[in-house]
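Need a 3D model of the sequence below.
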Amino acid sequence: MDRFILDTSLFVNPASRKQFGKTPPEAVRAFVRKAKAKKGKAEFYMPPLVMDELANFAKKDAGKLSAVVKKRAPNIYGIYIPAAILYSFIEDVRARVNKGLRLAEEFAQDNRPENAEKLSKLRAKYRDAMRKGMVDSREDLEIILLAYELGAAIVTSDEGITLMANQIGVEWIEAEKFGELLKAL
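Model (predicted):
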């Protein structure tokens, strides 16, 4: 039986959710219908933090997932990952902090008066420098750890999750293609 750890991006990212619905609540409802049809062929999991995160987007419909998705936290005290992963993570964080500092310095030195526009650009560049392509939340880490623990595939469109999954040898599936895979089961 196939096991899948679902990321919020499956239901929230417009490119990912369009295979199930136009809005997060629609995507959740459609996924539940399709997942019920796969009973005995696939198991679906979400860490509690991720389920809570999804509830922010899908409100009452997120609760419908409990009919087909098992809520399970990873055993964070029993999972061991190679120190090399932590080493490269720290190197990445350091490089990002330095890049963020350079962006802030650039902003501070620019004396043009369009502050609102400058601030908007700074936020976008800073977010990109600090968060893009890295695991940046407990929710992301729980997805990876649970998949590692269960030997399951992660369903996500999050670049940071896929990069770390590759580092520790966890299978992942592009959320945008999951609907087709689900049909094929």
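
Quick check: the gap between F178 and F89.
Using CB to CB, to the nearest Å, F178 is found at 27 Å from F89. (Each C-beta comes from the backbone N, C-alpha and C, glycine too.)

Contacts for the helix or strand bottoming out on mean pLDDT in the chain next, please.
Within the chain, no helix or strand scores below helix 115-131, which has a mean of 74 by mean pLDDT, DSSP states H and E. Residues from elsewhere that reach helix 115-131, judged by CB atoms under 8 Å, 6 or more residues apart in numbering: 96-97, 99-100, 103-104, 107, 110, 112, 136, 160.

hmm, back to that, F178 and F89: who's more crowded?
The neighbour comparison of F178 against F89 (other CB atoms under 10 Å) goes to F178, with 22 against 14.

Leaving out the residues flanking it, which one is nearest to the more buried one?
V155 (5.0 Å; CB to CB, 6 or more residues apart in numbering).

Can you get me a residue count around A55?
By other CB under 10 Å, 17 other residues sit near A55.

buried ones in stretch 10-23?
For stretch 10-23, a neighbour-count test (16 or more other CB atoms under 10 Å) marks 10-13, 16-17, 19-21, 23 as buried.

Going by residue numbers, what spans are helices in this structure?
9-12, 14-17, 24-36, 48-58, 83-109, 115-131, 138-150, 159-168, 178-184 (DSSP state H).

sorry, back to before: A147: which of the buried residues of stretch 10-23 is nearest?
L10 (13.7 Å; CB to CB).

Would you check that that closest one makes contact with S16?
Yes: L10 is in contact with S16 according to CB atoms under 8 Å; the separation is 5.3 Å.

shared neighbours, these two?
Between them, L10 and S16 share the contacting residues 157, 175, 178, judged by CB under 8 Å, 6+ apart.

Quick check: chain neighbours aside, which residue is closest to the second one?
In space, A175 comes closest to S16 once its chain neighbours are excluded; the distance is 3.7 Å by CB to CB, 6+ apart.

ok, the one you found - contacts?
9-10, 157, 175-176, 178.

Thank you, goodbye.
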